[in-house]
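A.B. asks: predicted structure and sequence below. I'll ask about it afterward.
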Amino acid sequence: MIGFPSPARLKGLKPSAASVRVEPSDCLVLVEIGNFAVLRRHLGQLRANELIANVAASVARLVPGSEATVVSRERFEWSPACRSTQALDRVLRKVEAAFEPPFSIDGQLFDVDLMIGAAIRTSPDVDQVRLIEEAEQALCEARIERTPISREVASSTASVDRIALSKDLAGAIADGQMFLHYQPKVHLRRQSITSVEALIRWQHPVRGLVSPADFIPIAEESRDIVALTLWTIRQVIADQSVMVAKGHDLRVFINIAAALLADARFVRRACALVESGGTKIGFEITETSVIRDPESAITHLKMFAEMGIEIAIDDYGAGLSSLAYLKKLPASELKIDKLFITQLTSSNRDPLIVRSTIDLAHALEMEVVAEGVETPSALALLSVMGCDMAQGYLISRPLALDALMTFMEENSQVGLPAQAPTPLARLAGVGKGG
Ligand code: C2E
Ligand code: CA
Ligand code: CA
């Protein structure tokens, strides 16, 4: 006997799945049994299939009058009435607390590991589809972060944009609407630019310049990210041959989205392109992308590293960081997220985090890049802390290829006295002791 009353007796639970959708409501919570496969092994198929209805009923009882609808063997939708994001967060904490202790199934104790993603509508023009999409995104995040995630959905404009943008995206690559900017990374001790990061831009015929922060997540969702990244690799190789002809032999780092690292077909195509290009390439990846599917991610990263592609770990500290994985990755660079760098000189905590991250990376024989360096004082502090490289608006904004080459030419005499009227002159004197 499972330790929950039978669903039929429970008020608030709609036991049948596919036929019923939740009523349009201001708040939608998706709850998934994260360890369903393990529980099924213990319980057997029949009892495992009953489990979700019982969990849903128990959750629904936490907020009297709320309704839960089972949508699959491991997932249900729930719409507790919450008037604010704070109220929703309180409800989610209540659910978390209720399922913290193991519960009894036929006298045996089991942990039911709930993954919870929620969305709350704070504006009437947000439609139900958008609410569901946002809750689904929150659930994806919750699986990675292993904590309930809620999202506030304020207006439906973004949703219309998302749909419209995703329609335009595939054609945009073929139409030549994409282009690259390059942002230099400065090596502090050598006082020279050793590499640049390629950052993609979309010149939309109607909307104008669209930020990658807006379209990369859409491209990941629609799988256009594969074509987009292969295009980027080709474009970087072409741009590099222009740079080499002008005497600038720089490694170019390309951002590789999380979804691609486990995609064997993408990896094969990327390797073939880089191999035929014969130029110096690096890939920036995030730890989160490794955590999704560690085995294939690490195998693929090793393939890249063996081909001479340098691996940088991007946005370090922003997401879930795991020392266990960090040690296993064939990475040569660790990029500290700009979150910690932009407030470096105004926060008490951030300098400690940055300092210990630099020491950790050095212990693992990686070089450290600080991104988001915006002020001379941050640069000076980073240099004292032993940071190896810096990237940010202080040194240069991301630049078109021509502007990058001009920047390189103007700064070819880095390390000369500070009178030189070049952006890198501000580096003179910084980091010379290291
Ligand atoms: P990211 O990889 O963390 O890139 C750094 C972002 O910070 C860039 O924004 C850059 O312009 C910005 N940035 C640089 N210096 C500073 C600074 O001093 N202060 C501040 N506040 N920001 C600075 P951008 O170009 O808008 O890119 C946003 C994100 O989009 C990137 O974050 C990356 O995750 C993604 N992205 C960009 N290009 C690509 C691409 O080709 N492929 C993939 N998969 N993702 C890309
Ligand atoms: Ca990056
Ligand atoms: Ca970054």
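C.D. replies: All right, it came through fine. Ligands and ions are numbered 1, 2, ... in the order given.
A.B. asks: for residue 199, give me phi and psi.
C.D. replies: Torsion angles at residue 199 (phi, psi; degrees, to the nearest 10) stand at phi -120, psi 130.
A.B. asks: tell me the bridge partners for it.
C.D. replies: residue 181 (DSSP bridges).
A.B. asks: could you pull out the strands for the stretch 251-400 of the chain?
C.D. replies: 251-255, 281-286, 310-316, 333-336, 367-371, 389-391 (DSSP state E, counting those that start in this stretch).
A.B. asks: which other residues reach the fifth one?
C.D. replies: Read it as strand 367-371. 185, 312, 332-338, 341, 354, 357-358, 361-362, 378, 382, 386-392 (C-beta atoms under 8 Å, 6 or more residues apart in numbering). In this view, the C-beta of every residue, glycine as well, is placed from N, C-alpha and C.
A.B. asks: likewise for the last one?
C.D. replies: When contacts are defined by C-beta under 8 Å, 6+ apart, strand 389-391 is touched by residues 183-188, 194, 197, 333, 335, 367-373, 379, 382.
A.B. asks: repeat that for stretch 233-248.
C.D. replies: By C-beta under 8 Å, 6+ apart, the list of residues contacting stretch 233-248 reads 178-180, 182, 198, 249-250, 252, 254, 270, 273-274, 277, 279-281, 401, 404-405, 408.
A.B. asks: show me which of these are buried.
C.D. replies: Among the contacts of stretch 233-248, the ones that count as buried by 16 or more other C-beta atoms under 10 Å are 178, 180, 182, 198, 250, 252, 254, 270, 273-274, 277, 279-281, 401, 404-405, 408.
A.B. asks: where in this protein is pLDDT low?
C.D. replies: For the chain, the stretches flagged by pLDDT under 70 are 1-25, 104, 155-160, 320, 413-434.
A.B. asks: filter the buried ones among the contacts of stretch 233-248 to keep only those in contact with ligand 3.
C.D. replies: Among the buried ones among the contacts of stretch 233-248, no residue is within reach of ligand 3 (C-beta under 5 Å from the ion).
A.B. asks: is it true that residue 30 touches residue 72?
C.D. replies: No - here residue 30 does not reach residue 72: they are 10.6 Å apart, not a contact under C-beta atoms under 8 Å.
A.B. asks: these two: which has the busier surroundings?
C.D. replies: Shown here are residue 30 and residue 72; by other C-beta atoms under 10 Å, residue 30 has more neighbours (21 against 12).
A.B. asks: related to what we said a few turns ago, now, of the contacts of strand 367-371, which are buried?
C.D. replies: When the contacts of strand 367-371 are checked against 16+ other C-beta under 10 Å, the ones flagged as buried are 185, 312, 333-338, 341, 354, 357-358, 361, 378, 382, 386-392.
A.B. asks: tell me who's in contact with residue 333.
C.D. replies: Counting by C-beta under 8 Å, 6+ apart, residue 333 has contacts 282, 310-313, 366-369, 389.
A.B. asks: this structure - how does it break down into domains?
C.D. replies: Under the assignment automatic domain parsing, the domains of the chain span 2-155, 162-432.
A.B. asks: including distance to ligand 1, could the ones you listed go into a markdown table?
C.D. replies: A markdown table is the format used below for the domains of the chain (distance: least, C-beta to the nearest ligand atom, whole Å):
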| stretch | distance to ligand 1 |
| --- | --- |
| domain 2-155 | 16 |
| domain 162-432 | 3 |
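A.B. asks: nearest to ligand 2, of those domains?
C.D. replies: Taking C-beta to the ion, domain 162-432 is the member of these nearest to ligand 2, at 4.1 Å.
A.B. asks: and ligand 2, is that closest one touching that?
C.D. replies: Yes - residues of domain 162-432 contacting ligand 2 under C-beta under 5 Å from the ion: 255, 284, 314.
A.B. asks: tell me the residue of the stretch 51-200 of the chain that sits nearest ligand 3?
C.D. replies: Residue of the stretch 51-200 of the chain nearest ligand 3, by C-beta to the ion: residue 197 (8.3 Å).
A.B. asks: list the contacts for the closest residue to residue 114 other than its chain neighbours?
C.D. replies: Excluding the flanking residues, the one nearest residue 114 by C-beta to C-beta, 6 or more residues apart in numbering is residue 99, at 5.2 Å. Taking C-beta under 8 Å, 6+ apart as the criterion, residue 99 is in contact with 55, 112, 114.
A.B. asks: repeat for residue 84
C.D. replies: Contacts of residue 84 by C-beta under 8 Å, 6+ apart are residue 120.
A.B. asks: ok, it to residue 150 distance?
C.D. replies: Separation of residue 84 from residue 150 (C-beta to C-beta, to the nearest Å): 11 Å.
A.B. asks: quickly list what's touching both of those two.
C.D. replies: By C-beta under 8 Å, 6+ apart, residue 84 and residue 150 have these common neighbours: residue 120.
A.B. asks: tell me the SS of residue 78?
C.D. replies: strand (DSSP: H, G, I helix; E, B strand; the rest coil).
A.B. asks: what's the burial count for it?
C.D. replies: Using other C-beta under 10 Å: residue 78 sits among 26 other residues.
A.B. asks: just checking, it touches residue 55?
C.D. replies: No - the criterion here is C-beta under 8 Å, and residue 78 misses it with residue 55 at 10.4 Å.
A.B. asks: okay, and the common contacts of the two?
C.D. replies: Listed as contacting both residue 78 and residue 55 by C-beta under 8 Å, 6+ apart are residue 31.
A.B. asks: from the chain's centre, how far out does stretch 388-396 sit?
C.D. replies: 22 Å (C-alpha atoms, centre = their mean, to the nearest Å).
A.B. asks: what's the end-to-end length of that stretch?
C.D. replies: 17 Å (C-alpha to C-alpha, to the nearest Å).
A.B. asks: so how many other residues sit close to residue 253?
C.D. replies: For residue 253, the number of neighbouring residues by other C-beta under 10 Å comes to 29.
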